[in-house]
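Asks: Pasted the sequence and its predicted model underneath.
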Amino acid sequence: MKIFVTGGAGYIGSHVVYHLLKKGHQVTVFDDMSTGTKKNIFPEVKFIKGNILNQKKLSEAMIGGYDAVMHFAAKKDVGESMENPNLYSENNITGTINVLKAMEERNIKKIIFSSSAAVYGIPEKLPVTLKSELNPNNYYGYTKLDVERIFEWLSKLGKIQYAALRYFNAGGYDPSGKVRGLEKNPQNLLPVIMEVATGKRKELLIYGDDYDTKDGSGVRDYIHVTDLADAHIKSLSYLNKNKESLVLNLGSGQGYSVKEVLERSILITKKMIPAKIVARRPGDAAALYTNSKKARKMINYKPKYSDIDTIIKTMWEVYK
């Protein structure tokens, strides 16, 4: 198949591209390189530098008979989304509408969308399931949910077929060592820990240690990025075999606290990783983890690498 990948030079996008190439697909990467890196552009791909806000360039780039789009081009800093919501409206919502317009112009009907567990906000019950209330408590999560609702309507109207994959916390690097590009200015726990371990940052900030959890720090569900890539390819296969669209939660089903992840990281890296407790961030849930029963049923989703030690070890192999 010919696959058009927006944001394919970024952390998650590049892992998916690598696995698409391994499966023998032809891939075009469309990326403005604002957060992507040249290291993540494989020689086998066709690369087009461009921004999804440039409708004309996006439409021209999709000429060539593509079978599907995988859409990773989005801003994802929760704090920034609260300070600058217009930027997130423009990039995440308007940019996605541009992708959809270009798909319509080029008669591309299938799209795999990089969504987020942020659509759930602070859940009333755990684990989070697809029946949990959709109530984002930050603007980033709102943009993801808004896009999902656009997809849902377009699917009802027979315009597209989509898979919305709600990731929990992605981490790790492919065990093959083929993906090497580091994230630029990461905000998530695992890459920040890696930057402290390598001396790029002075210390890790732990946002609150007085939550109602086993050690007071926030608990999250971590999924290895290679398992995530596999789920994208299986979702595309599902869309090809079935006429319906798909919404899935993707996680490991296991919750780890910030302090647990830090302790495991110190043991695995054998580095000092200074940490400081600071005030909670507004809107952070005490715990957020899922079960992925529907993903197992619908796409035979079976995470192979998503234990926390494998996630940390494969990240350290790249960062060190």
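Replies: Yep, that arrived.

Asks: Every contact and neighbour count from this point should use C-alpha atoms.
Replies: Noted.

Asks: Residue ranges in the stretch 101-250 of the chain under the pLDDT threshold?
Replies: The model of the stretch 101-250 of the chain has no residue with pLDDT under 70.

Asks: Run through the strands of it in chain order.
Replies: Assigned by DSSP state E, counting those that start in this stretch, the strands in the stretch 101-250 of the chain fall at 110-116, 161-167, 169-171, 204-207, 219-224, 246-250.

Asks: Let me have the ones you listed in TSV, extended by mean neighbour count.
Replies: Below are the strands of the stretch 101-250 of the chain laid out as TSV (neighbours: other CA atoms under 10 Å):
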stretch	mean neighbour count
strand 110-116	24
strand 161-167	23
strand 169-171	23
strand 204-207	18
strand 219-224	25
strand 246-250	24
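
Asks: wait, which of these is closest to H19?
Replies: Closest to H19 of these is strand 219-224 (CA to CA; 13.7 Å).

Asks: To K271, which of the strands of the stretch 101-250 of the chain lies closest?
Replies: That would be, of the strands of the stretch 101-250 of the chain and by CA to CA, strand 204-207, which comes in at 13.0 Å.

Asks: what domains does the record give for the protein?
Replies: Following automatic domain parsing, one finds the domains of the chain at 2-171+222-250, 189-220+253-288+304-319.

Asks: Deepest-packed of the ones you listed, please.
Replies: For the domains of the chain, the largest average neighbour count (mean count of other CA atoms under 10 Å) is found in domain 2-171+222-250, namely a mean of 19.

Asks: Check the separation of the first and last residues in that domain.
Replies: Start-to-end span of domain 2-171+222-250 (CA to CA, to the nearest Å) is 25 Å.

Asks: again with stretch 78-89
Replies: Stretch 78-89: ends 13 Å apart by CA to CA.

Asks: tell me the mean pLDDT over that stretch?
Replies: For stretch 78-89, mean pLDDT rounds to 94.

Asks: For it, give me every contacting residue.
Replies: Among residues not part of stretch 78-89, those counted as contacts by CA atoms under 8 Å, 6 or more residues apart in numbering are K75, N138, Y139, Y140, G141, T143.

Asks: at 6 Å what do you get?
Replies: The contact list for stretch 78-89, computed with CA atoms under 6 Å, 6 or more residues apart in numbering, reads Y139, Y140.

Asks: repeat for stretch 210-222
Replies: Residues outside stretch 210-222 that contact it (CA under 6 Å, 6+ apart) are 168-170, 209, 254-258, 286-289.

Asks: Looking at the residues you listed, which is nearest T314?
Replies: Of those, the one sitting nearest to T314 (CA to CA) turns out to be A170, at 12.5 Å.

Asks: one step back: and the strands of the stretch 101-250 of the chain as a markdown table, adding distance to F151?
Replies: Output for the strands of the stretch 101-250 of the chain, formatted as a markdown table (distance: least, CA to CA, whole Å):
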| stretch | distance to F151 |
| --- | --- |
| strand 110-116 | 9 |
| strand 161-167 | 7 |
| strand 169-171 | 23 |
| strand 204-207 | 34 |
| strand 219-224 | 25 |
| strand 246-250 | 11 |
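
Asks: Specify the stretch among those that is closest to R280.
Replies: For these, the distance to R280 is smallest for strand 204-207, at 4.5 Å, taking CA to CA.

Asks: could the domains of the chain be laid out in CSV, adding distance to K294?
Replies: What follows is these, written out as CSV (distance: least, CA to CA, whole Å):
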stretch, distance to K294
domain 2-171+222-250, 7
domain 189-220+253-288+304-319, 12
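
Asks: Tell me which of these lies nearest to G181.
Replies: Across the domains of the chain, G181 has its closest neighbour in domain 2-171+222-250 (5.1 Å, CA to CA).

Asks: And for stretch 130-137, what's in contact with it?
Replies: Under the contact criterion CA under 6 Å, 6+ apart, stretch 130-137 has outside partners A118, V119, Y120, G121, Y142.

Asks: Just the C-alpha atoms of it, please, in CSV.
Replies: Output of stretch 130-137 as CSV, limited to C-alpha atoms (Å, rounded to 0.1, in the frame of the first residue of the first chain):
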residue,chain,number,x,y,z
LEU,A,130,-14.3,3.3,25.9
LYS,A,131,-17.5,3.7,27.9
SER,A,132,-15.8,6.3,30.3
GLU,A,133,-17.1,9.8,30.0
LEU,A,134,-15.3,12.0,27.5
ASN,A,135,-14.5,15.1,29.5
PRO,A,136,-11.1,16.7,28.6
ASN,A,137,-9.8,19.0,31.3
